[in-house]
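1. for reference, the sequence and a predicted model appear below.
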Amino acid sequence: MLRDLPPSVSQALLVGFDTADDAGVYRLNETTALVQTVDFFTPIVDDPRWFGAIAAANSLSDVYAMGGEPITALNILCYPVRERPAEELRAILEAGAEKTREAGVALLGGHSVEDAEPKFGMAVTGLVHPEHIATNAGARPGDVIVLTKPLGTGIITTAAKFDECPADVLEAACRSMAMLNRGAAAAMRRLGIGAELPVHAATDITGYGLLGHLFQMAKASRVGMELESSVLPLLPEVERLAAAGNVTRGEHENRAYLGAHLEVAAGVAATRLSVMLDPQTSGGLAIVVAPESADALLEALKANGVESPVVIGRCVRDVALRIRVLG
């Protein structure tokens, strides 16, 4: 659908939409560039405070994924104001505002329209150094891939819609989704982002799932990837819920998106593959780092509040751009 859109022509445009990156980047001067993104969606959980916090964290995440620091945000709201209680709307907006304060971001206002179905998110502006942007296109053969949050939010929230998810499991998923990727971005900057520095690329894991977003990076970087499915961090009970049928249409769409580029070893369980294809909301960052700096990145992530970062795979030389899932 977007294939025939004319590209933006500007020497100041450093990152556009051609590489499926998380945000656009526009150079202001030699040391400063703007990072801009927008995201909003319908409620994925019933609790309005969790919804507001998750939507805000998800919107801010795209700036963090580029290695940037968000500075301002604008609310985007669609809401049936005559049909739903004012307290619910207040809870959504208050939770979103609290999340921006946690991020040190100035909430400038926003725009709302009356709509039959609630939707909430933010347009976010951040700053990044023009020579230290974590794009999709910098991964190299030999680099390792680090994941900063557990997987399975789509499966869990789907199970919750059908009252098949234990309350503590949904609570764990909500806490994970509402957690900012601020510490992960700070860790990347601490090590250094760039071709001659330890961190070479990054993306946040959202609607295309782990495999879909890594495939976008593989295409932009012209590499293949090998992933160790056995070491993946998972949210509680997610494979059991997947085995019970709580999978989404997005999983099937993501599988079709990868097509022949996806190779799965015989020993990989179907439920584990479901989690890897599961669309995530406000997921963690997948950070590509030089192998000799992997331990330093893990230490920096933990020092910045990232609870359980894990090396999940590596980039390899592969002209076919395959994503291989190993047992």
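-> Perfect, I can see it now.

2. from Leu89, how far out is the closest residue to Glu114 other than its chain neighbours?
-> Nearest non-adjacent residue to Glu114, counting by CB to CB, 6 or more residues apart in numbering: Val81, 5.8 Å away. The C-beta positions use only the backbone N, C-alpha and C, and glycine is treated the same way. Plainly put, Val81 is 7 Å away from Leu89 if you go by CB to CB, to the nearest Å.

3. cool, and Tyr257?
-> Counting by CB to CB - Tyr257 and Leu89 are separated by 35 Å.

4. quick revisit: looking at Val81 and Leu89, which has the bigger crowd around it?
-> Counting neighbours by other CB atoms under 10 Å for Val81 and for Leu89 shows that Leu89 has the greater number, 19 against 13.

5. and that one, what does it touch?
-> Pro48, Tyr79, Val81 (CB atoms under 8 Å, 6 or more residues apart in numbering).

6. one more: Asn246?
-> Going by CB under 8 Å, 6+ apart, Asn246 touches Ile155, Ile156, Thr158, Ala159, Phe162, Glu164, Cys165.

7. returning to what we had before: so how far is Ala123 from the residue nearest to Glu114?
-> 21 Å.

8. same question for Ala178.
-> For Ala178, the distance to Ala123 - CB to CB - is 19 Å.

9. ok, now Thr37?
-> For Thr37, the distance to Ala123 - CB to CB - is 7 Å.

10. repeat for Ile193
-> Look at Ile193 and Ala123: by CB to CB, they are 24 Å apart.

11. next one: Gly152
-> 28 Å.

12. comparing these two, which residue is more hemmed in?
-> The residue with more neighbours, out of Gly152 and Ala123, is Gly152; 29 against 18, by other CB under 10 Å.

13. just the buried subset of the contacts of Asn246, please.
-> With neighbours counted using 16 or more other CB atoms under 10 Å, the contacts of Asn246 contain these buried positions: Ile155, Ile156, Thr158, Ala159, Cys165.

14. surely the third one touches Val247?
-> Yes: between Thr158 and Val247 a contact is recorded at 7.0 Å, counting by CB atoms under 8 Å.

15. for the protein, what spans make up the strands?
-> 13-15, 24-27, 33-41, 69-79, 106-114, 119-128, 144-147, 199-204, 224-228, 262-264, 285-289, 310-316, 323-326 (DSSP state E).

16. the domain parsing of this protein - what is it?
-> Following automatic domain parsing, the chain resolves into domains at 13-128, 144-326.

17. reformat those into a markdown table and put distance to Ala134 and mean pLDDT next to each item.
-> Converted to a markdown table, the domains of the chain look like this (distance: least, CB to CB, whole Å; pLDDT from 0 to 100):
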| stretch | distance to Ala134 | mean pLDDT |
| --- | --- | --- |
| domain 13-128 | 4 | 96 |
| domain 144-326 | 4 | 97 |
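
18. among those domains, which is nearest Asn136?
-> Nearest to Asn136 among the domains of the chain is domain 144-326; the distance by CB to CB comes to 3.9 Å.
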